[in-house]
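> Show me the folded form of this:
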Amino acid sequence: MDLALDPGIIKRRQRHQVLVIAALLATLCLAAWGINRLVGPSVEASGLMLAQVRVGSIANTINASGIVIPVHEELVSSPIQTHVAKVHAKLGQQVRAGELLLELDERAVVLAIDSIREQLAQQENRIAALTLELSQKRKQTASAIELLQLDLEAARVRLARSQTLRKAGGVSAEDLLTAELNVRRIEIQLRQQREQIDDNQRVTSINIEGARLQKNILQKQLAQQQQLSDQTRVRAPFAGMLTQLMDEEGASVGNGQLVAKVSELNNYKVEASLSDFHARALGAGQAVLVEQGNVRLAGRVQTILPEIQNGTVKLLVTLAEPNHAMLRNKLRVEVNIVTEQKSHTLLADAGPAFNGRGPQEIFVVRDGVARKTTLDIGASDGKSVEILSGARAGERLIISDTSRYKDRGSVRVAD
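Have a look, this model is predicted:
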């Protein structure tokens, strides 16, 4: 005969069953959480950027922005303050050496030339007048000297007669002294006239030399003004393309203002700009790769400009193919300056997962599971990165953005 169970026993059994079920549920939840933490969610490989580790060569580069400029270009400025009289060329056209580009108003220069020529004529007249005056003075002095020489001869004759008569007592001592003094007076006058010729010669020569010096100064000024007159007809300094032109007739132009610029065709270099943070890593002669679309051109750092503006340093790059068909004036290009070259090293394609150099946590795919692994990243050329440690050749890396998995140690990758 069956007996009814004690109600207390039934309650204990129910509590025990509830505890067992709760423990099983907790265990299942903990196991699911652990598996989830260990393996993570499943991710389709097609939705990821995967890169295979390989052995190859890499050049560590510094990226810069660049602009293509002509190797040779020349600026033409206005020689005077004036305005544009006539335009003969168009911006962007190809010009020949010496081809007339535009004309500047030269009326002020023409007036200056006329004024200088008048002053030159005055100086020439002055030189002629001084030369004539010197000749006349020389003739007058020569005539005076001839007359004094006659007077001196007559005075000497009278003196000789007086000396003879004095011995015979025919003249007084006073008359003899007068005759002697008269000879000395004429000799002094004669000497003064001869000295006057030299003085006149020196004074007139100085005046003529001054006039000639002023004439030379005026001739130089005339040559300068004539040169300015020639420069008002602006011509192409060499064959090339007209890349800048003051093409508005009647426009005012200041002295020294740029009116035209001619650039050489089919001969280009690159002007690159980058942060001065990289200034110490730059040096003349470094290899450079210039890229525009799918075209890559080799080059070398020619010079680093010493001035830093707004935290930017500029450098000039010479190209191995300066006449490449891709090159155009003012074309923007990407410039990669090679600071280090390595070969036979582990590489992977660059992607958002990488951030500079040094230790980084990257997901490495092994046996269908991507596990977070610390990789030591080295050089980069913008296309590939160097892997110093943490991965082996043939392994695959997730190089796309993995920030949503940053709290997970691994994720499954479903092929």
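> going forward, measure contacts between C-alpha atoms and count neighbours the same way
Noted.
> Now residue 228. Nearest residue, chain neighbours left out?
What sits nearest to residue 228 in space, not counting adjacent residues and going by CA to CA, 6 or more residues apart in numbering, is residue 79, at 6.1 Å.
> Can you verify my assumption that that neighbour contacts residue 255?
Yes: applying CA atoms under 8 Å as the test, residue 79 and residue 255 come out as touching, 5.7 Å apart.
> picking up where we left off before, tell me the secondary structure for the residue nearest to residue 228?
Three-state call for residue 79 (DSSP: H, G, I helix; E, B strand; the rest coil): coil.
> Show the pLDDT at it.
Looking at residue 79, its pLDDT is 90.
> Who are the contact partners of residue 238?
In this structure, residue 238 makes contact with 95-98, 262, judged by CA atoms under 8 Å, 6 or more residues apart in numbering.
> same deal with residue 193?
Contact analysis of residue 193 by CA under 8 Å, 6+ apart lists 141, 144-145.
> Just give me the neighbour total for the closest residue to residue 383 other than its chain neighbours.
Setting aside the residues directly before and after it, residue 383 is nearest to residue 350 in space (CA to CA, 6+ apart), at 5.4 Å. Neighbours of residue 350 under the rule other CA atoms under 10 Å: 18.
> Need the per-residue pLDDT for residue 350.
Predicted confidence (pLDDT) for residue 350: 88.
> for residue 40, same thing?
Residue 40 is assigned a pLDDT of 50 by the prediction.
> just residue 256 next, same as before
Confidence score, pLDDT, at residue 256: 89.
> That one touches residue 228, doesn't it?
No: taking contact to mean CA under 8 Å, the distance of 11.9 Å between residue 256 and residue 228 leaves them out of contact.
> Could you work out the most separated pair of the contacts of residue 238?
98 and 262 (11.4 Å; CA to CA).
> Only alpha carbons, please: show stretch 101-114 as PDB.
Output in PDB follows, covering the C-alpha atoms of stretch 101-114 (Å, rounded to 0.1, in the frame of the first residue of the first chain):
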ATOM      1  CA  LEU A 101      54.300  90.100 -76.700                       C
ATOM      2  CA  LEU A 102      53.000  93.600 -75.900                       C
ATOM      3  CA  GLU A 103      53.900  97.300 -76.100                       C
ATOM      4  CA  LEU A 104      54.100  99.700 -73.200                       C
ATOM      5  CA  ASP A 105      53.500 103.400 -73.600                       C
ATOM      6  CA  GLU A 106      57.000 105.000 -74.100                       C
ATOM      7  CA  ARG A 107      56.100 108.700 -74.400                       C
ATOM      8  CA  ALA A 108      57.800 109.600 -71.100                       C
ATOM      9  CA  VAL A 109      60.900 107.800 -72.200                       C
ATOM     10  CA  VAL A 110      60.900 109.600 -75.600                       C
ATOM     11  CA  LEU A 111      60.600 113.000 -73.800                       C
ATOM     12  CA  ALA A 112      63.600 112.000 -71.600                       C
ATOM     13  CA  ILE A 113      65.600 111.000 -74.600                       C
ATOM     14  CA  ASP A 114      64.900 114.300 -76.400                       C
END
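> who touches it?
By CA under 8 Å, 6+ apart, the residues outside stretch 101-114 that reach it are 82-89, 222, 225-226, 228-229, 232-236, 247.
> and these, which of them are in helices?
Members of the contacts of stretch 101-114 lying in helices (criterion: DSSP state H): 222, 225-226, 228-229.
> mind listing what the residue nearest to residue 398 when sequence neighbours are not counted touches?
Leaving out its chain neighbours, the residue that sits closest to residue 398 by CA to CA, 6+ apart is residue 50, at 4.7 Å. Residue 50 sits next to 396-400 when contact means CA under 8 Å, 6+ apart.
> do residue 275 as well
Neighbours of residue 275 in contact, by CA under 8 Å, 6+ apart: 311-313.
> again, only this time at 6 Å
Applying CA atoms under 6 Å, 6 or more residues apart in numbering to residue 275 gives the contacts 311-312.
> so what's it bridging to?
residue 312 (DSSP bridges).
> how close does it get to residue 338?
16 Å (CA to CA, to the nearest Å).
> The residue nearest to residue 383 contacts residue 386, correct?
No: in terms of CA atoms under 6 Å, residue 350 does not count as a neighbour of residue 386; the distance is 9.2 Å.
> Tell me where the stretch 1-150 of the chain has strands.
42-44, 50-52, 54-70, 73-77, 82-87, 94-95, 100-104 (DSSP state E, counting those that start in this stretch).
> partner strands of the last one, parallel or antiparallel?
This points to strand 100-104. Its sheet considered, strand 100-104 pairs with strand 82-87 (antiparallel), strand 233-235 (antiparallel) by DSSP bridges.
> do the same with the longest one
Pairing partners of strand 54-70, with direction, according to DSSP bridges: strand 268-275 (antiparallel), strand 332-349 (antiparallel).
> Tell me where the chain is predicted with low confidence.
Regions of the chain meeting the criterion pLDDT under 70 cover residues 1-14, 16, 18, 20, 29-42, 45-46, 415.
> longest single helix anywhere in it?
Scanning the chain for the longest helix, with DSSP H as the assignment, gives helix 107-168.
> show me what contacts the most centrally placed residue in the chain?
When CA atoms, centre = their mean is applied to the chain, the residue found nearest the centroid is residue 305 (8.0 Å). Residues near residue 305 by CA under 6 Å, 6+ apart: 314-315.
> how near is it to residue 360?
Spatial separation of residue 305 from residue 360 under the definition CA to CA is 36 Å.
> How about residue 108?
Applying CA to CA, the value for residue 108 to residue 360 is 73 Å.
> Neighbour count for these two, which is higher?
For residue 108 and residue 360, the more surrounded residue by other CA under 10 Å is residue 360, and the numbers stand at 17 against 13.
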